[in-house]
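Engineer: compute the structure for the input listed below.
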Amino acid sequence: MSRLKFILLFVVVVVSLITFDFASTQAKVISLNRYILPGERVFPEGIAYQPKTKDFFVSSTTDGTIFRGNLQQESAEVFLPGGADGRTTAIGLKVDDKGRLFVAGGNTGQIFVYNTHSGELLGQFKNQKASTFINDVAISPNGEAYFTDSSDPTLYKVSINEANEIQFEAWLDFTGTSLEYQSGFNLNGIAASNDGKYLIVVQSNTGKLFRIDIDSKQVTEIDLGGERLTNGDGILLSRGKKQILYVVRNQQKLIVKVELEEDFSRGTVVSSTTDPSLAYPTTIAQVRKQLLVVNSQFDKRGSGLTAELPFTVSSISSP
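Structural biologist: Numbering: from 1, shown residues only. I've put the predicted structure just below:
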């Protein structure tokens, strides 16, 4: 065999081995249909996925613990211990492309920002509202984070200035807009459009979707043709060619697929999907053609009730 042929054969073998190893890793990731959260009183709520590391973060409503898992590992680990920094509960989560983790603090009225590599607390905010429930967060393409409040008609914004300082503000008061707060749980899930023009929010108690124009702060109800997505919790705006919005209806154990028009003024409910593994699902994150779904088991919380252990995150195919 000539030297050239030997070199070519060697290259082919190496490439084949690399390809096989990559395919095996991908198969391993896809084959995991659930991820385990350690602890007997977790009652998780939020999830955030970090594509660069294939890590995901999950929040505990019980004590504010933040878990970190990886797509290639069945069990997650404690990333931020509960109670640290005054974080006694944690709800919605999102991570940006700079490795910053944004955490909603529920009825404590707090917002936290952490470094996902070191766990360092980068910023912390607490509102002074008597009734508050900072619930979910979305990050717009320019890096600004927006937080919903389910009890008070306020939308909060977190931004990072040129000096890399984190700034917090009560950005929008819904009083007098088409989004009227009522008794019960109001705004919940939130998503930002890919072009950075709009925010999409779901109002849990009415089942309505709303579009918020970021520049003008104009609030418009999205016409769903009479459909109502009551108990709408976490939402996800898919990054595909079509404007597809996934809405988790927690009590119904459903993931609803809504096809939205280009300007987000109208939407059509395409399907409602469930899975045997879902246990009072709250929030979702997208990993390629899969959805990571948090199983909160909130219906198993309280006196005389027992949660089914372990607490988990399901991995299911996107509807």
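Engineer: the strands in the stretch 101-250 of the chain, which residues?
Structural biologist: Taking DSSP state E, counting those that start in this stretch to define them, one finds strands in the stretch 101-250 of the chain at 110-115, 121-126, 134-139, 145-149, 154-160, 166-173, 187-192, 198-203, 208-213, 219-221, 232-237, 243-249.
Engineer: now render the ones you listed as CSV, adding mean pLDDT and mean neighbour count.
Structural biologist: (Glycine included, C-beta is placed from N, CA and C.) Formatted as CSV, the strands of the stretch 101-250 of the chain follow (pLDDT from 0 to 100; neighbours: other Cβ atoms under 10 Å):
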stretch, mean pLDDT, mean neighbour count
strand 110-115, 98, 22
strand 121-126, 98, 16
strand 134-139, 98, 26
strand 145-149, 98, 26
strand 154-160, 97, 20
strand 166-173, 98, 15
strand 187-192, 98, 26
strand 198-203, 98, 26
strand 208-213, 98, 21
strand 219-221, 98, 17
strand 232-237, 98, 25
strand 243-249, 97, 22
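Engineer: out of these, which is closest to residue 271?
Structural biologist: strand 243-249 (10.1 Å; Cβ to Cβ).
Engineer: pLDDT wise, what is residue 239 at?
Structural biologist: For residue 239, the pLDDT comes out at 73.
Engineer: please name the nearest non-neighbouring residue to it.
Structural biologist: residue 194 (6.5 Å; Cβ to Cβ, 6 or more residues apart in numbering).
Engineer: who are the contact partners of that neighbour?
Structural biologist: Applying Cβ atoms under 8 Å, 6 or more residues apart in numbering to residue 194 gives the contacts 141, 237, 239.
Engineer: for residue 111, same thing?
Structural biologist: Listed by Cβ under 8 Å, 6+ apart, the contact set of residue 111 reads 102-105, 123-126, 134, 147, 156, 158, 168.
Engineer: tell me the one of these nearest residue 253?
Structural biologist: residue 104 (22.7 Å).
Engineer: surely the closest one and residue 147 touch.
Structural biologist: Yes - using Cβ atoms under 8 Å, residue 104 is in contact with residue 147, at 5.7 Å.
Engineer: joint contacts of the two?
Structural biologist: 92, 111, 134-137.
Engineer: gap between the closest residue to residue 264 other than its chain neighbours and residue 197?
Structural biologist: Excluding the flanking residues, the one nearest residue 264 by Cβ to Cβ, 6+ apart is residue 211, at 4.5 Å. As for residue 211, its distance to residue 197 is 9 Å (criterion: Cβ to Cβ, to the nearest Å).
Engineer: likewise residue 296?
Structural biologist: Distance, residue 296 to residue 197, using Cβ to Cβ: 32 Å.
Engineer: neighbour count winner among the two?
Structural biologist: residue 296 (23 against 17; other Cβ atoms under 10 Å).
Engineer: wouldn't the more buried one be in contact with residue 37 here?
Structural biologist: No - if you go by Cβ under 8 Å, residue 296 and residue 37 don't touch, sitting 10.6 Å apart.
Engineer: which residues do these two both contact?
Structural biologist: residue 44.
Engineer: mind showing which ranges of the chain have poor pLDDT?
Structural biologist: Along the chain, the parts satisfying pLDDT under 70 run over 1-31.
Engineer: can you redo the contacts of residue 111 as JSON lines with distance to residue 292?
Structural biologist: As requested, the contacts of residue 111 are arranged in JSON lines below (distance: Cβ to Cβ, whole Å):
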{"residue": "102", "distance to residue 292": "17"}
{"residue": "103", "distance to residue 292": "17"}
{"residue": "104", "distance to residue 292": "18"}
{"residue": "105", "distance to residue 292": "22"}
{"residue": "123", "distance to residue 292": "26"}
{"residue": "124", "distance to residue 292": "27"}
{"residue": "125", "distance to residue 292": "27"}
{"residue": "126", "distance to residue 292": "29"}
{"residue": "134", "distance to residue 292": "22"}
{"residue": "147", "distance to residue 292": "21"}
{"residue": "156", "distance to residue 292": "25"}
{"residue": "158", "distance to residue 292": "24"}
{"residue": "168", "distance to residue 292": "28"}
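Engineer: ok, so of those, who is nearest residue 263?
Structural biologist: When those are ranked by distance to residue 263 (Cβ to Cβ), residue 147 comes first, at 24.4 Å.
Engineer: quick check: the gap between the closest one and residue 139.
Structural biologist: Taking Cβ to Cβ, one finds residue 147 at 10 Å from residue 139.
Engineer: which neighbours do the two have in common?
Structural biologist: Common neighbours of residue 147 and residue 139 (Cβ under 8 Å, 6+ apart) are residue 102.
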